[in-house]
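In: Provided below for reference: sequence and predicted model.
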Amino acid sequence: MDTEQAMTLKTPWNAPSIPPIVYWALGVVLAWTALAHFYRESMMILWQWVPHLASGLRMNVLFSVLAIAIGTLLGAVVGALELSRSRRISLPAQWYVQFFRNAPILVLIFFATYVFPFEIRIGTMYLSFPDWIKATLGLALPAGAHIAEIFRGAILSITSAQWEAAASLGFSRSQTLRWVILPQCVKRVLPPWMNLYAMITMSTTLASLVGVRELLESAKNASNTVNRTDFTVLIYLAVLTLFFLYCYPITRFTARLERKYVFH
Amino acid sequence: MPQPYLSPEQRPLVELRNVHVSFGSNHVLKGIDLTVRKGDAVSIIGPSGSGKSTILRCINGLLTPERGEVVVGNTSVHTLRTEAERIALRKRIGFVFQQYNLFPHLTVLDNIVIAPIRILGVEREIAEREARELLAKVRLSDKVDAYPGQLSGGQQQRVAIARALAMHPELVLFDEVTSALDPETVGEVLSVIRQLVEDGMTCLLVTHEMRFAEEVSQQIVFTEGGEIVERGTPREIFHAPRNPRTHAFINALRN
């Protein structure tokens, strides 16, 4: 209801409001139509490379989803540990957060790639440890640190009265966290979490520097193979467009969630 | 002096002996003695900041006194050291807060069943059936699926009472439960508490509702400056106070 009110305030003449995402989509289509008109030949070549780029992009998506999943698990645990009453537990958690929040992601990716072994022996089994998984870890570790801070802030933002109420009903501290506090954190955590996801997605291109075949690496390949200046311009524009198309809706969705929860 | 034999019915359910609590240099409770018999309603009255709520928090172990003894049933609260021991105690004691403190992310029904299910291990179906009975008792059957944010203060407070009762407590502590309410919703909450007292629930109330305290309590305790100044039947305290400070407090409220 509140959002409806806000809408009517913005468009008092009751014109149907067009979401910005439509303008952007139109803009992208128009820009590419224009490019297709001026660089007809390179555009034909680009079209042939589309499957190659798509398989690259698939890697970035897989990559970012895996990194945010590991990072979220890690962050939820570390964030809760940071708030432990025991300094022996909270201190290492704080060190983890401080260390990884102040480390350049590219360095972490290089570190993970060249320091972690290429396979791990578990009993008689050899578990291979490909570069893209190492690079994922390089992204997940700092993501975990950022998410830990997001969780910590959210947990602290819940009033102590909620802890007291739960304690009075016989909840232990960990049960209170699990059943009362964390569920209330979810909606506060969601917007910054999604922002972080968009950031991680864009950082996945750093993996091209350690030879992972993701979108940027595929584009570099294509550009070197075709070896035409106008094609190079086009293919990097294509990379930027693809990332924009993937990340922009996430940003919009986050903004919408933020607005929704302001009113709650 | 030989202890007189007391049957379980006569033995006090709650007993505080010489309880002292300080927050830093602020001496909040200076030697509180208090007994509550099973099935009684006892009201604690007195000016703000006289330590009334602190007494309640010592009884369910949210606070540990520096000195003195707190006994609830067979449990010596002041000797409890582990979280598990305090949890065992709190399962037996209901606590209703001034600000209701409902869980905002849960519906009314889930607010009531979460502790029985998660803490006592009651099956959801049974817990929900009982929760609906409790909601009928506090006259909120139509709000089962509402969220706390959609309810008035008086309605939230009645849900909070139902939530406390769902744990089948031996004793319910009420901490100024009507102080945050709009005047027109105070009555509905008090009538729920009145019903509870009539049903024989042991209740310890911190309250500013003098007329209500006079009507429902067996014992009134007047506190000021962290001490119990006077105690007695409602008749004694409200109509024939012996202590001049009690007299002044009661008179100030009357005029």
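Out: Cool, the structure landed.
In: What ranges does the chain have for its helices?
Out: Defaulting to chain A. All helices of chain A, identified by DSSP state H, fall at A:2-10, A:20-38, A:40-82, A:87-101, A:105-115, A:131-157, A:160-168, A:173-176, A:182-203, A:215-226, A:229-263.
In: wait, I meant chain B there
Out: Under the criterion DSSP H, chain B contains helices at B:52-59, B:83-90, B:108-115, B:124-137, B:153-165, B:183-198, B:210-216, B:234-239, B:244-254.
In: Include mean neighbour count when you put these into JSON lines, please.
Out: (C-beta placed from N, C-alpha, C; glycine too.) Shown next, in JSON lines, are the helices of chain B (neighbours: other CB atoms under 10 Å in any protein chain shown):
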{"stretch": "helix B:52-59", "mean neighbour count": "23"}
{"stretch": "helix B:83-90", "mean neighbour count": "16"}
{"stretch": "helix B:108-115", "mean neighbour count": "24"}
{"stretch": "helix B:124-137", "mean neighbour count": "16"}
{"stretch": "helix B:153-165", "mean neighbour count": "24"}
{"stretch": "helix B:183-198", "mean neighbour count": "17"}
{"stretch": "helix B:210-216", "mean neighbour count": "17"}
{"stretch": "helix B:234-239", "mean neighbour count": "16"}
{"stretch": "helix B:244-254", "mean neighbour count": "14"}
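In: Reformat those helices as TSV; add mean pLDDT.
Out: Output for the helices of chain B, formatted as TSV (pLDDT from 0 to 100):
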stretch	mean pLDDT
helix B:52-59	94
helix B:83-90	94
helix B:108-115	97
helix B:124-137	96
helix B:153-165	96
helix B:183-198	94
helix B:210-216	93
helix B:234-239	93
helix B:244-254	88
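In: Distance to residue A:52 added to the ones you listed, as JSON lines?
Out: Below are the helices of chain B laid out as JSON lines (distance: least, CB to CB, whole Å):
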{"stretch": "helix B:52-59", "distance to residue A:52": "67"}
{"stretch": "helix B:83-90", "distance to residue A:52": "59"}
{"stretch": "helix B:108-115", "distance to residue A:52": "51"}
{"stretch": "helix B:124-137", "distance to residue A:52": "53"}
{"stretch": "helix B:153-165", "distance to residue A:52": "60"}
{"stretch": "helix B:183-198", "distance to residue A:52": "68"}
{"stretch": "helix B:210-216", "distance to residue A:52": "79"}
{"stretch": "helix B:234-239", "distance to residue A:52": "87"}
{"stretch": "helix B:244-254", "distance to residue A:52": "84"}
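In: With chain B as the reference, name the closest of the helices of chain A.
Out: Of all the helices of chain A, it is helix A:160-168 that lies closest to chain B, at 3.7 Å by CB to the nearest CB.
In: got the contact list for the residue nearest to the spatial centre of chain B?
Out: By CA atoms, centre = their mean, the mean C-alpha position of chain B lies nearest to residue B:173, the distance being 1.4 Å. Contacts of residue B:173 were listed using CB atoms under 8 Å, 6 or more residues apart in numbering or on different chains, and they are B:56, B:59-60, B:93-96, B:203-205.
In: Mind doing that once more with 7 Å?
Out: B:56, B:59-60, B:93-95, B:204 (CB atoms under 7 Å, 6 or more residues apart in numbering or on different chains).
In: Residue A:178 is nearest to which of the helices of chain B?
Out: helix B:108-115 (11.1 Å; CB to CB).
In: Need the contacts of residue B:173 in CSV (columns: distance to residue B:148).
Out: Shown next, in CSV, are these (distance: CB to CB, whole Å):
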residue, distance to residue B:148
B:56, 22
B:59, 26
B:60, 22
B:93, 22
B:94, 18
B:95, 17
B:204, 25
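In: Tell me which of these fall in strands.
Out: B:93-95, B:204 (DSSP state E).
In: Please go through those and note which also touch chain A.
Out: Of the residues in the ones in strands among the contacts of residue B:173, proximity to chain A by CB under 7 Å from any CB of the partner chain holds for residue B:95.
In: pLDDT at the closest residue to chain B within the stretch 1-150 of chain A, what is it?
Out: Using CB to the nearest CB, residue A:85 is the residue of the stretch 1-150 of chain A that sits closest to chain B, at 10.6 Å. Note on residue A:85: pLDDT of 86.
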